[in-house]
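S.K.: predicted model follows, preceded by the sequence.
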Amino acid sequence: MTGCMTNPHAPNEKYVLIAANTKVPYWQNALAGLNHAASEMKVKAEMVGPDTYDTKAEHDEFQRAVAQKPAGILISAADPSVMTPDINAAVAQNIPVITIDADAPDSKRLVFIGTDNYNAGELGGHLTSKLLNGKGNVVIFTMPNQGNLKDRLRGYQSAFTEHPDIKISQIVDIHGDPTVAFDTTKNLVSTKAKVDAFVCLEAIACPEVGEVINRENLGGKYVVVAMDTDQRTIDWIQKGVVSASIAQKPFTMAYYGAKVLGDLHLHPPTPLSGNWNDNPTAPLPTFVDTGTFILDKGNIGSFLQANKLATSSSGQ
């Protein structure tokens, strides 16, 4: 009987994923998840967005996507204050919008699918504390305007309160530029500053931290806790330069997000912009946690095998 079933989705249905820094491996993994979902639904999908951290360019891409009247949009809101009016306008036009990775909580997005970033920060903070044996000075690299990174920082800070001998000596805004992390680390290492650990709250800083430490033959001297699974981060973990990384699941975010959008297209709630946060019969949860895990030398082999299978099955 299954052979007689028709696909409920139209072949010209299109789903768009919008993000910033789209060339980094993190977003290529998300694209694999998007394509896998699109293949299963037999619809069209694409990822668009600037190659760099450019919130204005992401806004422009969102505007272009809305003009195409897609069946649904996934967006990682690099700057929620910029994207919230755009998201609200799209939903007002009956285009369902789901945030993944980075939320715009004050917008009319239908659901946020991604990491519980506070918990991710706590996980990283407890790991860093353990690796430091409860004592040391920590330098943190971040981009303070991103809401998800603010939450991760709060998580780290909460974990560190349990260890009064751990101090955050510096919080560095990299402004989306990994060379800031390289230059800062090089300066701190060369001046023999009192630093015991480097923590990165996003994907692009710690590959540069690892580069400096490796060049100076200081692998093992510093605790380095990265974020995500950039190939260079993986290389540094395997070489013992980076201690571990807090890994997210961008494939899962985009895959599940596209599937939810597909279901919303077939069964649209009325009204689309209803106040679901305060509605006990809302058709969707407010937040879906895709989870995080610690990636280190102990599990990196199984991670790479699983990642290879996932990306190859999605045609990447």
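M.R.: Great, that's in hand.

S.K.: contacting residues around stretch 165-173?
M.R.: Residues from elsewhere that reach stretch 165-173 (C-beta atoms under 8 Å, 6 or more residues apart in numbering): 128-129, 132, 134-144, 153, 156-157, 160, 180-181, 184, 194-195. Every residue, glycine included, has its C-beta placed from N, CA and C.

S.K.: starting at the chain centroid, how far to stretch 28-43?
M.R.: 17 Å (C-alpha atoms, centre = their mean, to the nearest Å).

S.K.: typo on my end, stretch 251-262
M.R.: A distance of 14 Å separates the centroid of the chain from that of stretch 251-262, by C-alpha atoms, centre = their mean.

S.K.: who touches that stretch?
M.R.: If you take C-beta under 8 Å, 6+ apart as the criterion, stretch 251-262 is touched by 9, 13, 15, 17, 29-34, 36-38, 40-41, 43, 45, 71-74, 96, 98, 100-101, 110-111, 113-114, 284, 288, 290-291, 310-311.

S.K.: show me these that map onto strands.
M.R.: Per DSSP state E, strands hold the following members of the contacts of stretch 251-262: 15, 17, 45, 72, 73, 74, 98, 100, 113, 114, 288.

S.K.: pull the most distant pair out of those residues.
M.R.: 45 and 288 (19.2 Å; C-beta to C-beta).

S.K.: who has more neighbours, those two?
M.R.: Under the criterion of other C-beta atoms under 10 Å, the comparison of residue 45 against residue 288 puts residue 45 first, with 25 against 19.

S.K.: could you measure from the most centrally placed residue in the chain over to residue 56?
M.R.: The chain has residue 101 as the residue nearest its centroid, 4.2 Å off, counting by C-alpha atoms, centre = their mean. Look at residue 101 and residue 56: by C-beta to C-beta, to the nearest Å, they are 19 Å apart.

S.K.: then residue 148?
M.R.: When distance is defined by C-beta to C-beta, residue 148 is 19 Å away from residue 56.

S.K.: and the angle for the helix or strand harbouring residue 259 with strand 14-18?
M.R.: Residue 259 is part of helix 250-266 when elements are defined by DSSP states H and E. Calculated by axes from the mean of the first three to the mean of the last three C-alpha atoms, to 10 degrees, helix 250-266 forms an angle of 140 degrees with strand 14-18.

S.K.: what pLDDT, on average, does helix 250-266 get?
M.R.: Mean pLDDT, computed over helix 250-266, is 97.

S.K.: mind listing what's buried along that helix?
M.R.: 250-265 (16 or more other C-beta atoms under 10 Å).

S.K.: one more: stretch 140-157?
M.R.: Those would be 140-143, 145-153, 155-156, for stretch 140-157 by 16+ other C-beta under 10 Å.
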